[in-house]
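>>> sharing a model that was predicted from the sequence below.
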Amino acid sequence: MRVILHSDCNGFFASVECLYNPDIRQKPVAVCGDAEARHGIILAKNEIAKKYKVQTGEAIWQAKQKCPELVVAKAHYDRYLRFSKMAGRIYADYSDMIEPFGLDESWIDITANVDNFDDGYRIAEEIRQRVKYELGITVSIGVSFNKIFAKLGSDYKKPDAVTVITPENYKEIVYPLPAECLLGVGKATKKALHTLGIYTIGDIAKASRELLHSHLGKFGDSLHTFAKGYDSSPVKPLGYERIPKSIGNSTTPSRDMKNTEDAKIVLGVLCDSVCRRAREQHLRAKTVSINIRDKDLFIINRQEKLNRSTNINQEITAVAMKLLRENYSFSKPVRSIGVTLSDFVPDTYSEQTSLFVDEHKRERLMELDKSVDVLKKRFGSFCVRPANMLSDKVLSGFSPKEENIVHPVGYFT
Amino acid sequence: MKQYVSVTARFDCDGNLLPIAIHWKDGRSFEIDRVLDIRYAASMKAGGAGIRYSCRIAGQKRYLFLEDNRWFVDSREAVCT
C-alpha cells in the first residue's frame, strides 16, 4: 500500500503577502496583477477575503463591490518562486519522489519511509508544522493511498490541517463529497453527471462503468477509477520534466496595438521567446498558432501547419505575421496577443530537404539563432534585438522568456 | 518593523557563514558574542523568512535573519532600542 501526501499552500500568494505586511494580516487581502499595466485581476485571496466570496480571476472592481474594504496587494512572483523552492526543500527531507503541481501544490510519495498511515500522519504533521515555522505560511495536507484521494484530503480541511484518507475510512470521507470535488470534474462534467442522477463521489463509485463510459467516454472510465480509489498513477521523481505538448507566450501590453506595425513588434518579442524555449528543449514545431484578443475582449485563434518543422525565429515570426495579416484587419485595436508552437519533433529528427528552399540559408539562420541564444543567456534578452523593437519601447520592453512561469498542465495530459 | 542592516560575517574553511557584528544605520555597531542557534525560520513580527541566527549580543538573545542575501532584524526588539 502506497502512502502519498498532497501538500497545498493555503491562499499561497496572499499568505506570502500577508507575511511580508504584518499590518494587513487581519484584513481581507487579494493579490492582483498590475492594474496600471492592465493586468488587474484577482490572483489569490486570503481566508478573510474568501468569506466575502471574492473569487480568483474576477476583476478588481468586481471584488471591491463584494468587499469594499478589500486590500489589494501587488504580486511579487520572485517571492512566490522563492517560497515554493523553500517548501520543496522541506519536502525533500522526506522523499525524492516529489511532483509539483504548480507553485503551491506538490505530491510527495513517502511509501519508502513509512510502515503505515500513522507514520504518514506523523510526517504530514511534521511538514505542516515546519512550513508554518520556517516559511510563516500554512499548508493543508492530505494523506492517502493514491494521488487523487491525497488531493481530496488536502482540500477537505483547510487551512493548516492534515486529513488522512485510508482504505478503511475512505467511504465515509470521500463518498458524501459532491462530484465536482473530484479532480477533473468541472462545470460541463458536473452537468452531465447531474443528468444521470449522480451528485456525489459515492454516486460515481456506485454507478456502472458502462453508464459513465457511454456518457463521458474514456474520461468516464477514469472518473470511475478515481472514485473507487483505484488510481495507480505514480508520483514523478524530483527533476522529472515532461516533454511539453506546446510552448506559448502571450502578453497584454500597457497600450493597445493599433496596426500591423505595432503587432509586429510584440509578435517579434513573443516569437523570439517561444523559439528560444523550443531550442532549449531541443524541439522543433510543426504548427504555429496565434491568438488575438481585441479591446472588447473578443478572441480569435488561428493556426497553420508547416511543411517542415522549425524553431528558427525568422520562419516562425513570418508565419505568425502571415496569420495575423490574413485574419485580422485592425478594425478594432488589439488588447492582447499570443503565439504558441505545438506538434513537436526532436531537433535531431531528419527531414527531406526541399529543392525550392535555400537550405544553406536555413542552416545559417539556425547558427545565427544559436549564437544569439548564447549572447542572450549571458547578457539578458535585451542585448541583441531587431531594430524595429527600438521604435516603440513600450510594446517591446518585456521579456517573456525570463518572466515565463510554466503553469501546471492538466492531470490527464 | 523589518529593518535591513549591514553585517560583518565570516566564512570559515568549511563554508559555514557566521555573523560577527551588526552595523546600525546611525553608525553604531554591535559585536555578536556568540551564535547560539542557526535554523530556517519565519519572522512573523518583521515579516520575512530565511535563515535565522539566534545571537547573544551584550548578554541578550536577539534574532538576526538572512533572507536571500540581505540581513534583517525586527527593530522592535532590535539592538538599537
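Alright, I've got the coordinates.

>>> list the buried residues in the helix or strand of chain A with the lowest mean pLDDT.
One helix or strand of chain A scores below all others by mean pLDDT, DSSP states H and E: helix A:400-403, with a mean of 74. Applying a neighbour-count criterion of 16 or more other C-beta atoms under 10 Å in any protein chain shown, one finds A:Pro400, A:Lys401 buried in helix A:400-403. Backbone N, C-alpha and C define where each C-beta goes, glycine included.

>>> which strand residues bridge the most centrally placed residue in chain B?
Nearest to the mean C-alpha position of chain B, counting by C-alpha atoms, centre = their mean, stands B:Leu64 at 2.2 Å. Taking DSSP bridges as the rule, B:Leu64 bridges to B:Tyr53.

>>> that one contacts B:Arg56, doesn't it?
No. Counting by C-beta atoms under 8 Å, B:Leu64 stays clear of B:Arg56, with 11.0 Å between them.

>>> please enumerate the shared neighbours of the two.
Common contacts of B:Leu64 and B:Arg56 (C-beta atoms under 8 Å, 6 or more residues apart in numbering or on different chains): B:Ile32.

>>> ok, which stretches of the stretch 101-250 of chain A are strands?
Secondary structure of the stretch 101-250 of chain A (DSSP state E, counting those that start in this stretch): strands at A:105-109, A:139-144, A:161-164, A:246-251.

>>> please identify the most buried of those strands.
Across those, averaging neighbours per residue (mean count of other C-beta atoms under 10 Å in any protein chain shown) puts strand A:139-144 on top, at a mean of 28.

>>> neighbouring contacts of it?
Residues outside strand A:139-144 that contact it (C-beta under 8 Å, 6+ apart): A:3-10, A:87, A:117, A:120-121, A:124, A:127-128, A:131-132, A:149-166, A:170.

>>> assign a three-state SS to A:Lys85, would you?
What DSSP: H, G, I helix; E, B strand; the rest coil gives for A:Lys85 is helix.

>>> swap in A:Asp78?
Going by three-state DSSP: A:Asp78 is helix.

>>> retrieve the pLDDT associated with it.
You'll see A:Asp78 listed with a pLDDT of 86.

>>> so what pairs up with whatever residue of chain B ends up closest to chain A in the strands?
The nearest approach of chain B to chain A comes at B:Ala42, 2.7 Å away (C-beta to the nearest C-beta). Beta-bridge pairing for B:Ala42 (DSSP bridges): B:Ala49.

>>> shaky segments in chain A?
Within chain A, the ranges that satisfy pLDDT under 70 run A:35, A:37, A:239-241, A:403-413.

>>> and chain A, which of its residues are near chain B?
In this structure, chain A approaches chain B at residues A:19-22, A:82-83, A:86, A:132-137, judged by C-beta under 8 Å from any C-beta of the partner chain.

>>> emit the PyMOL select command for whichever of the residues you listed are buried.
Buried subset of the residues of chain A next to chain B, written as a PyMOL selection, criterion 16+ other C-beta under 10 Å:
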select buried, chain A and resi 19+20+22+82+83+86+132+133+134+135+136+137
